[in-house]
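In: pasting the sequence and the predicted model now:
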Amino acid sequence: MNAIGLMSGTSLDGVDAALVRTDGACVFAHGPSLTVPYPPGLRTRLRALLDEAPHLTAQSAQVLEIEREVTDIHAQAVRLIRAAAPDMVADVVGFHGQTILHAPGPAARPEGGRDGAHACESAREQSPATPCAARQDEPPMGQHGRTWQIGDAARLSASTGLPVVHDFRSADVQAGGQGAPLAPLYHAALLQGRPGPVAVLNIGGVANLTLLGATGHVWACDTGPGNALLDDWTQRHTGQPYDRDGALAARGTVHGPSLAALMAHPFFAAPPPKSLDRLSFHAGLEQIARLDAADGAATLAAFTAEAVARTPLPEQPGAWYVCGGGRHNPAIMAALAQRLAGPVRPVEDLGWKGDALEAECFGFLAVRSLRGLPLSLPATTGVPTPLRGGQLTCAGITPWGMREGGRIL
Ligand SMILES: Nc1ncnc2c1ncn2[C@@H]1O[C@H](COP(=O)(O)OP(=O)(O)OP(=O)(O)O)[C@@H](O)[C@H]1O
Ligand SMILES: CC(=O)N[C@H]1[C@@H]2OC[C@@H](O2)[C@@H](O)[C@@H]1O[C@H](C)C(=O)O
């Protein structure tokens, strides 16, 4: 199938879209990929929504309004991808949605939850759970926590005329898994035929790691902060959304005691599998508040790398391949190279597209979902057994087929 994957990550910078031809096990072709940036105003409102999310429901006006805008930007991304690949007719869309809250098992919300507030408790009091097939309702706070991605799959399906697979993480969390990371099975599919142990490290807003072992087993977890803290710090001190090319960090010096204080966060003492909310380390910005802008940036770049280096691994990788926006930051890449054994290289060395990988992943996972194949494993998210996931919404399909010339599945 030709699957368009859509990922709007924790950096809140926009929607990544990519087209892959896949059977959910192998990838046969990589089509075009692109990013549709969020307008600055939407990015600001999304950032505010993260703080509000524990107190909101899926019917809150603030959520509905932003969800509609976010969905329509995804629809625009689908249109652009289809226009860029007229010969690769899309069969399905994998729609991740925008994560606004991630609070699965205890490892993901160390003491105090977000910014010291107990996000999940407040959410539980305010969240009547009404099932909804086409949007992810604000997920109920079950015994295993919850994860919430906004996005209206029915609206996206109707506007694109394509079946849409969405809500990839809820089943995992409901089964007692972390709900993240989900990219490991895609990384493993791309690594097929390469000798392990080898690591793929995604440095997005949050960072996550996939280890393919010497015997081919897959192991994964979130490692710690990616760029999100540094983005917030840079925004606060320079008014820019991120530390372009690590220029601010390059002018600073890592402050050892602050780095040690940041590494004292309970997330690092918890064993994998574990995953993170974008705001899990937000209190860390106050811990380094007295540093100047450049030293703070240098310390945060080092924090991202130190967190990776301290991740307890079952095998030591012979090489580290880095994807996500953090690989564009020389301060982060240098800090990783300093701390990790083995070469640290961008995934472009493998012929992969490091800015499109997550979007491709959700196209791949959409096909796995349609085929009833697992999206997660005990060693990737902590689910008890390999687990399926995702929901299918077909609002764009008539009895005569797809509205915009798609193929009948
Ligand atoms: N030239 C650059 N220099 C420094 N940092 C950069 C550069 N380009 C991108 N980045 C960083 O990468 C971030 C975006 O990364 P990416 O798109 O991988 O995140 P995401 O997909 O939103 O997050 P996640 O993987 O957590 O869901 C930006 O916010 C910025 O911090
Ligand atoms: C809840 C959520 O959206 N998590 C993201 C985030 O961004 C990076 C890291 O944290 C990872 O766990 C995950 O995304 C990737 C695509 C994943 O699931 O593999």
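Out: Okay, I see it. Ligands and ions are numbered 1, 2, ... in the order given.
In: count the neighbours of the closest residue to ligand 1 within the stretch 101-250 of the chain for me.
Out: Across the stretch 101-250 of the chain, the shortest distance to ligand 1 (Cβ to the nearest ligand atom) belongs to G204, at 1.8 Å. (Glycine included, C-beta is placed from N, CA and C.) Neighbour count of G204, defined by other Cβ atoms under 10 Å: 23.
In: so it sits right up against S8, yeah?
Out: No - look at G204 against S8 with Cβ atoms under 8 Å: they stay out of range, at 10.7 Å.
In: mind listing what the residue of the stretch 101-250 of the chain closest to ligand 1 touches?
Out: G9, T10, S11, G226, N227, G324, G325, G326, E358 (Cβ atoms under 8 Å, 6 or more residues apart in numbering).
In: the nearest residue to it once chain neighbours are set aside: neighbour count?
Out: In this structure, G204 finds its nearest non-sequential neighbour in G324, 4.3 Å apart by Cβ to Cβ, 6 or more residues apart in numbering. Close neighbours of G324, defined as other Cβ under 10 Å, add up to 27.
In: again, but for the one 3 residues further on
Out: In terms of burial, R327 registers 22 neighbours under the definition other Cβ under 10 Å.
In: L336 is in contact with that one, correct?
Out: No - the criterion here is Cβ under 8 Å, and R327 misses it with L336 at 9.2 Å.
In: can you name the element that comes right after the host helix or strand of G41?
Out: Using DSSP states H and E, G41 maps to helix 40-52. Moving toward the C-terminus from helix 40-52, the next helix or strand (DSSP H and E) is helix 61-84.
In: return the angle between stretch directions for that following helix and helix 40-52.
Out: 130 degrees (axes from the mean of the first three to the mean of the last three Cα atoms, to 10 degrees).
In: how about helix 61-84 and ligand 1, any contact?
Out: No - Helix 61-84 is not in contact with ligand 1 by Cβ under 6 Å from any ligand atom; minimum separation 13.0 Å.
In: what residues does this structure have near ligand 1?
Out: Going by Cβ under 6 Å from any ligand atom, the residues of the chain near ligand 1 are 9-11, 13, 202, 204-206, 226-227, 231, 242-246, 324-326, 328-329, 358.
In: so which bits of this protein are right by ligand 2?
Out: Residues of the chain lying near ligand 2 (Cβ under 6 Å from any ligand atom): 9-10, 99, 102, 147, 180-183, 202, 204-206, 208, 222, 275-276, 358.
In: if you set the cut-off to 8 Å instead, what comes out?
Out: Residues of the chain found near ligand 2 (Cβ under 8 Å from any ligand atom) are 7, 9-10, 96, 99, 102, 147, 149, 169, 178-184, 202, 204-208, 220, 222, 226, 275-278, 324, 358, 361-362.
In: contact partners of stretch 185-192?
Out: Contacts of stretch 185-192 (Cβ under 8 Å, 6+ apart): 22, 25-27, 198, 200, 210, 212, 218, 350, 352, 357, 360-361, 364-365, 368, 374-377, 380.
In: which ones among those residues are found in strands?
Out: Mapping these onto strands (DSSP state E) picks out T22, V27, V198, V200, T210, L212, V218.
In: picking that back up, just the buried subset of the contacts of stretch 185-192, written out for PyMOL, thanks.
Out: Buried residues among those (16 or more other Cβ atoms under 10 Å), as a PyMOL selection:
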select buried, resi 22+27+198+200+210+212+218+350+352+357+360+361+364+365+368+374+375+376+377+380
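In: gap between the closest residue to A356 other than its chain neighbours and Q98?
Out: Excluding its sequence neighbours, the residue lying closest to A356 (Cβ to Cβ, 6+ apart) is S33, at 3.5 Å. Distance, S33 to Q98, by Cβ to Cβ, to the nearest Å: 19 Å.
In: neighbour count: those two, which is higher?
Out: Taking other Cβ under 10 Å, S33 and Q98 do not tie; Q98 has more neighbours (24 against 21).
In: make sure the more buried one is indeed in a helix.
Out: No - applying DSSP: H, G, I helix; E, B strand; the rest coil, one finds Q98 to be strand, outside a helix.
In: L6 is in contact with that one, correct?
Out: No - in this structure Q98 lies outside contact range of L6 using Cβ under 8 Å: 10.2 Å.
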